[in-house]
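>>> Return atomic coordinates for the entry below.
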Amino acid sequence: MHEGVRAIKSPKLYFRDTGLVCYLTRWLTPENLAYGAMSGPIFETFVVSEILKSFANDGIDYRHFVYYYRGRDKKKVKEGGEILEQETEIDLIIEENGVLYPVEIKKNAQAKAVMTSAFAVLDQIFGKKRGMGAVVCNCPDVGALRENILQIPVWYI
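Numbering: from 1, shown residues only. So this is what the prediction gives:
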């Protein structure tokens, strides 16, 4: 991704047509899509696709300033009373004029600031600055999670 960050050089692939994905994987009912094992990844794919389409519709080539980050650094998270180590991941990073805008995508109805803990890795990139971050989710309205992090409803994109 950038010098100064230990990133794994494996891109994340998105199937840009979520309707076709659902058809090919036989996720044919609204219940499967809403509650099935792949509902989160399909939601993430939909959000990324919509954001990329908005750039393309404005005639902007997004390939040079939209990134996915998965790092070697582990973060500790507490789940069900256990402390687990997970890879650091940021679903989408949009770069503009040397400023990195991180985006986390969650199917949840309410965003939590802890969902953005990986954003801090961007502060270590020499010559870049971290801008406003966001969690895109199924929340009802735009709101502040922290001073520099917003929750954005999926319908907003």
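
>>> The chain: strands as residue ranges?
In the chain, the strands defined using DSSP state E lie at 66-79, 82-96, 99-105, 129-130, 133-137, 143-146, 149-153.

>>> and the angle for the second one with strand 99-105?
Here strand 82-96 runs at an angle of 130 degrees relative to strand 99-105 (axes from the mean of the first three to the mean of the last three Cα atoms, to 10 degrees).

>>> Strand 82-96 - contacts with which helices or strands?
Contact here means 3 or more Cβ pairs under 8 Å, 6 or more residues apart in numbering; DSSP states H and E; on that basis strand 82-96 packs against helix 39-57, strand 66-79, strand 99-105. To be clear about C-beta, it is placed using only N, CA and C from the backbone, and glycine gets the same treatment.

>>> what's the angle from the longest one to strand 133-137?
What it means is helix 39-57. 120 degrees.

>>> and helix 39-57, what's its mean pLDDT?
Helix 39-57 shows a mean pLDDT of 92.

>>> Give the buried residues for that helix.
Across helix 39-57, burial judged by 16 or more other Cβ atoms under 10 Å covers 42-49, 51-52.

>>> out of these, which one sits closest to R146?
Ranked by distance to R146 (Cβ to Cβ), these are led by V47 at 20.5 Å.

>>> Centroid-nearest residue for the protein?
The centre of the chain sits closest to D91, judged by Cα atoms, centre = their mean, with a distance of 2.7 Å.

>>> just checking, Y156 touches V142?
Yes. With contact defined as Cβ atoms under 8 Å, Y156 reaches V142; the gap is 6.5 Å.

>>> Need the residues that contact stretch 134-145.
47, 101-113, 115-116, 149-154, 156-157 (Cβ atoms under 8 Å, 6 or more residues apart in numbering).
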